[in-house]
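Peer 1: Pasted the sequence and its predicted model underneath.
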Amino acid sequence: MLRIRRELVDEIVAHARRDHPDEACGVIAGPVGSDRAERFIPMLNAARSPTFYEFDSADLLKLYREMDANDEVPVVIYHSHTATEAYPSRTDASIAAEPDAHYVLVSTRDPDTHEFRSYRIVDAEITEEPVEIVD
């Protein structure tokens, strides 16, 4: 189960809305050995695409060095879907490289509401998990 603070959910949704109609992407880092999502890190979608996201390789290298220096890991890896439900595509599943991360998807296809869902993706196998939003 993903336990996540409401303010982080709000940040993810706001980022997804800002980048719409392109997919948004980012990371929430947390302490090594924990499952606590703490530090919100919006990233640039290098693909600048409404149907695909890709982290910029230089930004990603910088992020991993920064997380290593802070004894952090990527607890949440998020991105948005702009025209479909918040469910990982085959491509999303095939590029998921962090077996311990929560993969969060937000759908911004409806301008008035959003879908917020979380998954574990290991060896391209997708398992949805409950989300508990805490204040």
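Peer 2: Received the coordinates, thanks.

Peer 1: show me where the protein has helices.
Peer 2: Applying DSSP state H to the chain gives helices spanning 6-19, 57-69, 90-95.

Peer 1: Can you check which of those helices gets nearest to residue 83?
Peer 2: Counting by CB to CB, residue 83 lies closest to helix 6-19 out of these; the figure is 12.5 Å. Glycine gets a C-beta too; all of them are placed from N, C-alpha and C.

Peer 1: For that closest one, name the packing helices and strands.
Peer 2: Under the contact definition 3 or more CB pairs under 8 Å, 6 or more residues apart in numbering; DSSP states H and E, helix 6-19 sits against strand 25-31, strand 39-43, strand 72-81, strand 102-107, strand 115-122, strand 131-134.

Peer 1: okay, now residue 9: neighbour count?
Peer 2: 19 (other CB atoms under 10 Å).

Peer 1: Nearest residue to it in space, ignoring adjacent ones along the chain?
Peer 2: Closest residue to residue 9 apart from its sequence neighbours, by CB to CB, 6 or more residues apart in numbering: residue 133 at 5.6 Å.

Peer 1: mind putting the helices and strands packed on helix 6-19 in a markdown table, mean pLDDT, mean neighbour count and distance to residue 4 included?
Peer 2: Converted to a markdown table, the helices and strands packed on helix 6-19 look like this (pLDDT from 0 to 100; neighbours: other CB atoms under 10 Å; distance: least, CB to CB, whole Å):
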| stretch | mean pLDDT | mean neighbour count | distance to residue 4 |
| --- | --- | --- | --- |
| strand 25-31 | 98 | 22 | 8 |
| strand 39-43 | 98 | 18 | 10 |
| strand 72-81 | 98 | 24 | 7 |
| strand 102-107 | 98 | 23 | 8 |
| strand 115-122 | 98 | 18 | 8 |
| strand 131-134 | 98 | 12 | 6 |
